[in-house]
Structure formats: C-alpha cells, structure tokens
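> Got a predicted model here, sequence first, then my questions.
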Amino acid sequence: MKRRVLFLCSGNTSRSQMAEAIVNARLADRWQAFSAGIHPGKTVHPKALTALEEIDIRHNGYPKSVDKFRDADFDLVVTVCDAAAEECPLWLGKGRIVHHDFPDPARTGLMDDFRTVREAITQVIPEILAEFEEKTA
C-alpha cells in the first residue's frame, strides 16, 4: 500500500506543485503525492511547469486549498515554505508534519531560480520521505 504525502505551501503555484509532480513521477511505487496551499493562487506558475518538463515530467496540477483535504488522511505532511509552516492547520496534525523551506522562485520569476528549486526538491524531498520510511518501518 502506498503512503500518502501532502506538500503544503502558501500559494500552491510552484514549490508544492513541483514536489507533488516529482514524487508522483519518480517515487510512485511507494508514495502518492498531493499538494495544496494555505492561500492558493489561480494557476500553476508556467515556469514551474517548464522546469518539470525539462526533466521529462508532465504535470497537470492546479492550485488547491488545503481545506479540500480536511477529511483526507496523510502519512506525512511536508510544508515547503515558512509561511505554510506558520499557518499549517492544526487538523493536519493527524499525520507527521515535516518542514523544509525552499526559496520561492516566483519572487524573481527567473527560470534559473525555478531550476535551482526543482533540483533542491529533487534531492531533499526523497531524503525526507526515505527518513520517514525508515522511522515508521
């Protein structure tokens, strides 16, 4: 049975979307990933989608409110920005919550910043998930 992880960000337009897509593309044998935002934006940032396409990941996500997942059970919740960590709803505490702040590439809008964050997510998130798997085995 796959474990379920929710990636939570403030807007759910870049970082959490990339994390969701990368996990679902590369770790789908063990994990099912979802993403949401505390204050979701209107669309996924096009440069986040381009950054994913550069590593052969097609993502059809859309920004979702964390409230959409109020009745969902997750094995793990990963907040990927400080704002989400500070505003993380208490009801998400049913699962384990881990925080790792990734810089917001949308602040600069530079493609290189989206690539840098994508690479950081590609490295850090699998480590977080593996550590969780080891602790709960």
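That came in fine, so what should we check first? As the structure is a computational prediction, the values presented were derived from the model and not from experiment.

> State which helix of this structure is the longest.
helix 111-135 (DSSP state H).

> Can you list the helices and strands that the worst-scoring helix or strand of the chain on mean pLDDT packs against?
One helix or strand of the chain scores below all others by mean pLDDT, DSSP states H and E: helix 82-87, with a mean of 85. If contacts are counted by 3 or more C-beta pairs under 8 Å, 6 or more residues apart in numbering; DSSP states H and E, helix 82-87 sits against strand 3-9. All C-beta spots, glycine's among them, are computed from the backbone N, C-alpha and C.

> Counting neighbours, which bits of the helix or strand just after the strand it packs on end up buried?
Next helix or strand after strand 3-9 toward the C-terminus (DSSP states H and E): helix 15-26. For helix 15-26, the neighbour count (16 or more other C-beta atoms under 10 Å) marks 15-24 as buried.

> and these, which two are the farthest apart?
Pairwise distances across the buried residues of helix 15-26 (C-beta to C-beta) peak at 15.1 Å, for the pair R15 and N24.

> contact partners of the longest helix of the chain?
3, 5, 7, 14-15, 18-19, 22-23, 26-27, 30-31, 45, 47-48, 50-52, 54-55, 75-76, 78, 80, 96, 98, 100, 102-103, 105, 107 (C-beta atoms under 8 Å, 6 or more residues apart in numbering).

> so S35 touches I22, yeah?
No - assessed by C-beta atoms under 8 Å, S35 is found out of contact with I22, at 10.7 Å.

> Before we move on, what's the pLDDT of V23?
V23 carries a pLDDT value of 98.

> So what does the closest residue to it other than its chain neighbours look like in phi/psi?
Computed as C-beta to C-beta, 6 or more residues apart in numbering, the closest residue to V23 that is not its neighbour in sequence is A33, at 3.8 Å. Backbone torsions for A33, taken as degrees, to the nearest 10, come to phi -110, psi 150.

> My guess is A33 contacts F7. True?
Yes - shown here, A33 and F7 form a contact pair, counting by C-beta under 8 Å, at 6.5 Å.
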